[in-house]
Every structure is written in structure tokens, then in C-alpha cells.
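just to be clear, the model below is a prediction. Sequence and coordinates:
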Amino acid sequence: MSKSKIEIRDDVSAKELVQVIDSIARQIYRDIEQGKNPSFEVPTRAASNIIYDEKKDVIYMGKNQSTRSFHNSGTVAAFAQTLMVLSIIEEAAERAKHLTKREIYYQDPELFKKDQKISDSIIEDLAVTLGVTRPCLRVVAAAKGTCIGDLTLQEGSDTFNCNQLGRGGWSISPFIDEVEIKDCGAEYVLVVEKDAAMIRLIEEDFHKKNSCLLITGKGQPDIATRRLIRRLNKELNLPVYILTDSDSYGMQICSSYKRGSIALSFESPYLAVPDAKLLGLLPTDLDKFNVPKAARLKMTEWDLKKAKGMLEMPWIKRNKRWTQELKLMIKNQEKAELQALAKHGITFMTDTYIPQKLAEKDWI
Amino acid sequence: MMAGQQTLLDTMFESIEKQKERPKQRDEQPPGAAEAAAEEKHRPGPENTGEEPHQRMVKRRARREAEEAIHSHIRLQTAEQLLKRVDTGFGQKSRAPFQTIVEGVQNAADAIDKAREALKRSGHPPDYDAKITVKVEVVDKSRGELYICIEDNGIGIPKGKVHIIMRAGGTGTVEYKASRSQQGIGWKAAAIYSNQSTGKPAEIISKTFFEKQAHRHVYDYGKGKVTKLVEEPYEGEFPEHGTRMSLYLIGDYPRARSNIREFMKRMAAVHPYITFQFHDNGEPTIYPKRSGASIPIPTPVPPHPNSVDVGQLKDMLAAQSKVRSIWISGFLKRAFCRIGNKSIQDLIERTAILMYFDGKGVFAGDIVKRIAQSDKVARLKKEGASKVEYYLEKVLVRDYEIDYGFAAELVMKGRLAPGRNIRYLSNEDIIRLFKIDKSELPKPPFTPRTTVNMILSDEGKVRLLTETLRSMFFPAPPTDSLMPIPKEVFIEGFVSLYRPEEHVFIERKPSSTGGRPIQVQVLGMYGGEIPEDMRDQDRLIRIANATPLIYEFGSDIVTQTMKDIDWARYRLGRKGEMPSGPVIFVVHVTSPQLKYLGVAKQAIGADDVIAGEVKFAVQAAARKLSEHVKRLEKDKQTGHVRKYLERYARVVAETLHKMIDVDKDAVYQMLSDEIARRRPTVITHEETAIPQATVEEENVKVED
């Protein structure tokens, strides 16, 4: 398979966007006038159209395309939906406004078959089709991530330090590209998979004691959170460590921080943090830190299937530690949450586990 | 079966004449004779005992008397007695009025055909204002007494012949030709039932063209015999020629009515040259004459030699020998169809060959069949003659040495293929195939000039002749004895009645079974005004010799054959059931002396040839209809897709209007025009307005 990756621009102005969309609409009208079959060529956002860059350890999108044409009962819905989303984006761009995905969906829920996933997916498709990043489309996802630590930012006319916003931290702005990094006193970034672990760390003042930034994407990270982490990593050269549960889902989340997800692979160059390290909880940690059997859970069929599927990914295959850890997990069929460490006392994680892991450089 | 019917009829005719002359003493038997006979059985034979001659004589007489007692039940049956025992269709009160009308209308239609034949034969145009009127009047509602009268302006019955008909049966004659009322006992059965249920006599008024005046006869059928009550000139109004038959009977008319109507409707559909009137208790329904197109008048044709059996041949020979002693060649040519001088020569030679095989103990027919039916041979055929020859010699025919090369040649030419047998091989072929030395052929026990009596005197010769006739190839029987409904009549009659959107007419070439030709015609109709949901009885319209059949639907061979068809293959339902959906099949079977189940003639009896012919014809019709169904399904699908696309065309038009300010209606129109252009439907309504007849003639499939 000789694939070449698709080029994505991240510097398209609203005016440019309006021009592009207008010319597309006129082309479609010409096709209709001439009795042709109007269509969109959309790069395929699927595992089959993924290019893995070994050198950079990032996944990119290939150039496989599918056609969404009007005179095809299988694709006519997607065609009409795409055109509708284009018109909504054009309207917003003309007024220099941003849209959320949900706003787009509510323009015509009927057309999107009452399922926001459909309009969301059309938006992702459009970004690729137009060859721009989603922020360029002026569509923002409601960001759910939070960040706490000694980081001074400026957004619009506001300047603030993320340590001074209370224990809730800073809710990462959806317009992350318009946020300027002013100053940073932290030495590394600790990304936590879930809010529960984040609360523990904040309560123990971990970020203050260890001068680090704590960021959580609350599950599968959104674009703004990933973009922030990438910017911290690239602009400030901060190392990034990731803490997840010891299960296949945690490993997959780590992987999407590191290399990008399959669905959003076209934006990987702007989001991926190939340098990020998975600190824990690793399957080997379970024995190493004597996590009691009672605190370990049996893996479900789905977990096992997912884990085995990950073993087949090229980017896992070439990483011996990842492969080892995955194989161990599959062998033991055990998983554990970060909270399992609390069996040794609630401060065990902050006082012993993380410092020891960082000191021993025990990450993958 | 056919021979059986003939005998039965003969018996009936004879019985009436002989009843009085029958010697009385046959019924007398000495008391205790049977016991004596039983005793006799256990005793040792007289020749071994050395008893007194006198004693022996007494015993012999006792034995004879005993045997006579045992045989005393063998006696000629009268038609009346017979009709009491067989199902004539008068068993149910709801059916009796229907059955009466069916019998009467059949007779009437036959009489009209005869009038047309008389006109034609005498050089006149056969078409005239033929008319059949059926009247039903409720005489006594509480008892269910009805008056039924059927009048036609057919050929009429001469005054002197009425008693034959009223005594022996209806107006039918025993001939080798198709007719509606073939046994001719239907009306009589109705009259007997009428008398049993009401005690009233039956009336018949008739006039022929040449009689000056109509004549009225009244017959009573009470007490198991036929009595003439009245014979007088009729002064009332009467057609120029025709017959009016009337009787009273008890019946459940409300329940019979719908079937009678259905019968009249279907009868009218296949008889466009007759006006049918149905006076339903004073309410007339008229099915007017539509055209002069008629059903051909069948002419008698002798039986086909391929399907004769020993008993039948014996009867035929016996019938000839009574007249005078004639040569077998003359007999064969006259008694069978399709036998000429050449076939007589071949026949004698074929007899010699059969005798040769008998003498050698060779099952030649089996060997030929084995080769013809072999799947392996059929497969090897593609690989060439030498492969076939090798396989025949080494594997298939090792029990008898034949000319393998010639056999392979016959296989390659397709002359030995599935469905073929020794009948399809000429004498020369057989002689070469079985390497027969002509000088070794035995001399046949008869020549063309052997007399019929000489053959009849020797059971073996009759058997041999039968075998020879059955083992030779004769062309299919001529169709003159059939009464196929002309294609236009068929189509016009039913298509105008049911108004389908698609129909197909299939006519099989005549085939033969039991020595008689049969022919099957099928009309398949689909859609239009035919409802989706119907009773099975409405999906299959059975017609036998131009008479619609209504009752005994399930037991009819046609129904059973229909259920054998895998309708799923034609998108018309499932196997093991009648077809489903808005589909009707009209199946017409015509044959002289058609075998019915029972005297009521409402169901055709089981017969492999009829079943096969019906199956082929219905399948061919179903194939054609399924193409239409497929088009409809596709159009329906296309319609769905079009609608689906048009919904999005609306969205696209509005969105484009918003984006670049184009006329949204114009955009929608352009899109929907393009949708229609890209997804055409096959059937448009303009096309279905005029039904296009599809007619297909199927190849002949000769009876095995």
C-alpha cells in the first residue's frame, strides 16, 4: 500500500473559508444544471486509511477517498447533510462567529436523523474535505478538560494563572488557539485520565509540591485539551506523563494523546504528543506495588478483544515495552483502576507511587 | 378406467332392455345350499374316494347349487341402482340445485353445438342467436322446494328419441370425442333426486327444426323405475328448435346460489357465442352473446395405439369380430388413429424383434432405458463419443453385448437421452444396436392378413400385439376430437371479466393418455382488478371440456398439480400451496372421455400425463407472469428510491438557495427530473391500459 498523507492547513481565514464554500456551492449548482451527479469527495476516516509515521510515532490520514453523490440512494443523505453543514459554517464564517457542534446539529435535527453523531461526523469529514483543521472551520467542540498548576495564560483581554482559579482549575477554552501562553513555572505536565484521580492529586497539592501542571481530559480527550498539551510540549518543551487505569481503555486513551485517534487522524499533526510517556498504572505495577488481588478486576470479553486488537497496531508492535505490558495484561486477564493504589492508604499515590515511578523513570 | 366407463354405460343400456327377460330362477336357491357347499369343501375329492355314482351325483348337484348361491349377487345393475350408489353430486342439499343446473346447462351447450354442426354440415353459416336460459324459482321456502328449468334453442330431441334419453340418461353419446356431458346420465340423476325429494315428475318439452310442433313428455322416476306419464303435443310458446327441461327438487338454494352464479359467469366466459340468462327467483342476469367465435366442434377420433392395454384391445377386437371376420391390418388402421400401411409392416417386424428378445431373455427395453437415463452418460456426452462408448462397454452394459459404437452414436445424436426409450428407436436401429442377425428373427404369429378372430382366440397373441403397439413410435393423436377453447375466446372471456394488468395464454400441443388425446390450455392473469386476497378456489378456475368445475376443488388433479409447483421461483407464493397475490390461473383440460372423480364430474381424476401437461403449461404461464411481477417489484423499489431522493432534493434546493441565492423550485425541478431520468420505471400506466396478449405454444411432450 503506497499511501501518501493528506495535507491539512491550519491557517485559513474566515474570508477564505467563505470563498471556498461559495465556489463549492456554485460547482454543485452547475452540476445540477447540466444533469450531472453532484458529489463530494471525502477522504476515508477509517482504520484502513491510516498512515503510521514510525519516525515521528504519529498516525496520519491517507488519501483514500469515498464519493458522496446525490444520485445514489446510499450517499444522498450524507450529500445533503454535508451541503447543509457547509451552508451553516459559511453563514457563521461570514459573521466571523464560531459554532459548536451541537449548534450545527440543532439547525436541522431531522436531516441528521436525530443523532448528533451524524452531524459531528459530517463536520470532521468537511474539515478533511476542505483540507483545514477543525478550528479553521470555526467549529469548536465544547471543551471538557481542566488544567491546574503554575501556568499564566492570556485569552482576549484576560490574563490569569491557572493556580489562582480555585481547586477546580481552569476549564480549558474551546478557542485554545486564541489563547496565549505567557509564563509557566511548572517542570512537567501530568495528564490524568479521570477526574477522580485529578481531585485526589489536587487535594494533596501535588502540583504545588512537585511544581507540575495537572491536566485531565475526563475520559477520551477533546481537541482543545489535546491541543493545549501539544502546545505545552512543543512551545515550552515540557515533558508529558500520563496516568491512566490499567486497562485497555486507559491504554487507548494514552495512545490517542500520544499519536492521535483514527477518527481524527487528519488533525494529528496539530494534536499529537509523540513524546508523552505512559507513567502508570502499568500491568507490571500491579505486582510491583503489591496491589491486592481484591482490588484487581477481571477483564471482560470486550477488554480482552480491545487489548488483542491493540497488539496488532503497528505503533504498538514496534514498541517492546508496550507489547510486553499488553501481553502481561492479556495473560493475567486483570485490570485495575488508579484508585486501587488507595488500598495502601489514600496518599500512597501522591507520596510514594508517582514520585517513585518518576525517579525510576519507570514509564513506557 | 375409460374402458370401465364404457362397460358401465353399456351395462346400463343393456340392463334396461334385459330387465324383464332375465330368467327368474337365478334368484331361487334351496335353503341350506351354502352350508352344504361349505361342507363339501372339506371333503376329499370324489375321484379319490370310490363312492357310489349316485352319491357323487347328489353331491355334484349340491355343489353347483352352492356355487350358484354364492354367485347370485352377480347381476346386471340398472342405471337407477347405480346412481343410488355412486356420488352424483346430489348428496348435499346445498349442492343439488347447482348440480342440476350444471347437468342441464352442459346438455344445453352440447345441443347448441350440435345445432351449429348441423348448420355447418348443410352449408349454412353455423352462427345463430344461441341462448340458454336457466330459471330457478323458490316454490316453498320453508321446505326448500325449488323449480328448476333449463331451456336452450339447440338442436332439440326428436319426439321418438325422448324416451331413450329419459330412460337411459341424458343427451350424451359414447364416442371418442370431447363433450361436456360425456356419460349423459347427469340429468337423469337429477330427475331421480328430484323425484326422491319431492315426489314430483320431471318434464321435458322439445322440438327439432323439422318437427311441426313441440312435444311435451312427463316422466316419473319413482319406485326405482322410469314411467312415462304424459306424451302430448305442446301448444305453448316455444323456440323454433330446442329443449326445455324442468323439475322440482329440495335444495338449500341460498347456499347454492353463489356457486351457480360463478358457474354461469365462467360458462359465459368460455362460450361467447351463447347468450346465457339466469333468472334467479325472478331476478334476471343476462350474459349476452359477445361474438360468433366458437369452440370447434370435435369429431370422433379412434384411440392412439401407444396407450392401449390388453383388456381394451381385446374389447376392440371382440367388437369387430362380431360384425365379420376382417384382417388385422384393416382392423388396426380403422380402430386406431395414426396407423397406416407403413406402420403395419413395421409393426410385424417389431413383433418379430420382441419375440426374438423374449426368446433370448434379453430385457432390451431396460438396456435402452438404462443408457438413456444415465446421468453419467449425459455428462460423458460432452467429452465425446469414444468416452461414452468406453463407459457403456466397460461399466453400464456388461450384461449383454451390444454395438457400443452405435449406442454411443445414438447418445451423441441425442436419440438416447433422458425421457427417451425403445419406442423412439426404429426397427433398423434396434437390429443394429443389439447386433441381431436378421435370419435369426422368429416368424411372427400373425401377418397383416391374419384375421381378427384368430388373434382374439389366442390370449398370447393379443398380449403380443398390445406390447408391439405400445413399444412403437406413433405420431401424437390428431386433435379433431378435442374441443380447445380458441385463444381469442379464452383471453377475451376471462380478461374482460377479471381485468388483469398482465395476462399470458399458454397452449400445449395435444398429448395422449389412455389412448385418448388430451390438451391443456392455461391463462394466467395478474394484477389489475384482481384482488390480492382470494380463496384458493378463486385463484384456480378449472375448466374441463369447456365446462367450468366448481366443486371438489381439493381433489382435482389440476389443484394438486398446482400445489406441487414451487411458486417461490415465480415470486407467486410458496411450494405446497396455491399461488398467492393478485393472480388467477384458468386451466382448461380437454379430452374425449375425460376421467372424472365420480359421476358428478366436478373434479378431474389423477393422471400422470394430465398432471404433467398442466404443470408444464402453468409453469410456462407463471414464468411469463413472474417477469411482470419482477418488473412491478423493481418499479416499486424504484418508486421508493425516487421518493427518498426527492426528499433530499428539496433539502439541497433550499440549502443552495440560501447559499448562492438560486431559484429553489427550479433546482428541485431539475433534480427530480434527473432522478426520474436516471431511475426509469418499466411499467407506465399508458401501457397497461391496453392489455397485450402474450401467447406461447409449448412443445409437445409425448407420453411415456
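Structure's in. What do you need? Numbers count the residues shown, from 1 in each chain, chains lettered A, B, ... in the order given.

buried residues, stretch A:312-329. List them.
The neighbour-count check on stretch A:312-329 (16 or more other C-beta atoms under 10 Å in any protein chain shown) flags A:Met313, A:Trp315, A:Ile316, A:Trp322, A:Glu325, A:Leu326, A:Leu328, A:Met329 as buried. Where you see a C-beta, it was placed from the backbone N, CA and C, and this is true even at glycine.

one more: stretch A:231-241?
Those would be A:Arg231, A:Leu232, A:Asn233, A:Leu238, A:Pro239, A:Val240, A:Tyr241, for stretch A:231-241 by 16+ other C-beta under 10 Å.

again, but for stretch B:196-209
Within stretch B:196-209, the residues scored as buried using 16+ other C-beta under 10 Å are B:Ser197, B:Thr198, B:Lys200, B:Pro201, B:Ala202, B:Glu203, B:Ile204, B:Ile205, B:Ser206, B:Lys207, B:Thr208.

before we move on, the earlier item: in helices, which of the buried residues of stretch A:231-241 fall?
Members of the buried residues of stretch A:231-241 lying in helices (criterion: DSSP state H): A:Arg231, A:Leu232, A:Asn233.

now distance to A:Ile202 and pLDDT too, for those, in CSV please.
Shown next, in CSV, are these (distance: C-beta to C-beta, whole Å; pLDDT from 0 to 100):
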residue, distance to A:Ile202, pLDDT
A:Arg231, 22, 91
A:Leu232, 18, 93
A:Asn233, 22, 92
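
let me know the closest of those to chain B.
Comparing those against chain B with C-beta to the nearest C-beta places A:Arg231 closest, at 34.8 Å.

the nearest residue to that closest one once chain neighbours are set aside: helix or strand, and which one exactly?
Nearest non-adjacent residue to A:Arg231, counting by C-beta to C-beta, 6 or more residues apart in numbering or on different chains: A:Ile181, 6.6 Å away. Assigned by DSSP states H and E, A:Ile181 belongs to strand A:179-184.

which SSE is immediately downstream of that strand?
Past strand A:179-184, the next helix or strand by DSSP H and E is strand A:188-192.

which outside residues touch stretch A:337-357?
Identification of contacts with stretch A:337-357 by C-beta atoms under 8 Å, 6 or more residues apart in numbering or on different chains yields A:190, A:193-194, A:196-197, A:200-201, A:204, A:206, A:210, A:243-247, A:279-281, A:285-286, A:289-292, A:294-297, A:362-363.

give me the distance between B:Asp315 and chain A.
71 Å (C-beta to the nearest C-beta, to the nearest Å).

which element is that residue on?
Element membership for B:Asp315 (DSSP H and E) is helix B:310-323.

ok, now B:Phe406?
Assigned by DSSP H and E, B:Phe406 falls in helix B:404-412.

that helix - what's its average pLDDT?
Mean per-residue pLDDT for helix B:404-412: 92.

low-confidence stretches in the stretch 101-250 of chain B?
Applying pLDDT under 70 to the stretch 101-250 of chain B flags the ranges B:167-177, B:182-185, B:224.

all helices for it, in order.
B:162-168, B:186-198 (DSSP state H, counting those that start in this stretch).

which among the buried residues of stretch A:312-329 gets closest to A:Ile262?
The shortest gap between A:Ile262 and any of the buried residues of stretch A:312-329 belongs to A:Met313, at 9.7 Å (C-beta to C-beta).

ok, now which ones touch that closest one?
Going by C-beta under 8 Å, 6+ apart, the list of residues near A:Met313 reads A:Tyr52.

mind listing what B:Pro298 touches?
B:Lys177, B:Ala178, B:Ser179, B:Asp480, B:Ser481, B:Leu482, B:Met483, B:Pro592.

the last one against B:Ser481, yeah?
Yes: with the criterion set as C-beta atoms under 8 Å, B:Pro592 and B:Ser481 qualify as a contacting pair; they are 4.8 Å apart.

so who does the residue of the stretch 301-450 of chain B found nearest chain A touch?
In the stretch 301-450 of chain B, the residue that lies nearest chain A is B:Lys382 (43.1 Å; C-beta to the nearest C-beta). Going by C-beta under 8 Å, 6+ apart, B:Lys382 touches no other residue.

for the helix holding B:Phe406, enumerate the helices and strands it packs against.
Applying 3 or more C-beta pairs under 8 Å, 6 or more residues apart in numbering or on different chains; DSSP states H and E, we find helix B:404-412 packed against helix B:385-391, helix B:427-433.

just for chain A, where's the confidence low?
Residues of chain A that meet the cut-off, pLDDT under 70, sit at A:1-8, A:263, A:266.

quick check: residues of it near chain B?
A:21-22, A:25-26, A:28-29, A:32-33, A:35, A:38, A:70-71, A:73, A:76-77, A:79-80, A:83-84, A:86-87, A:90-91, A:111 (C-beta under 8 Å from any C-beta of the partner chain).
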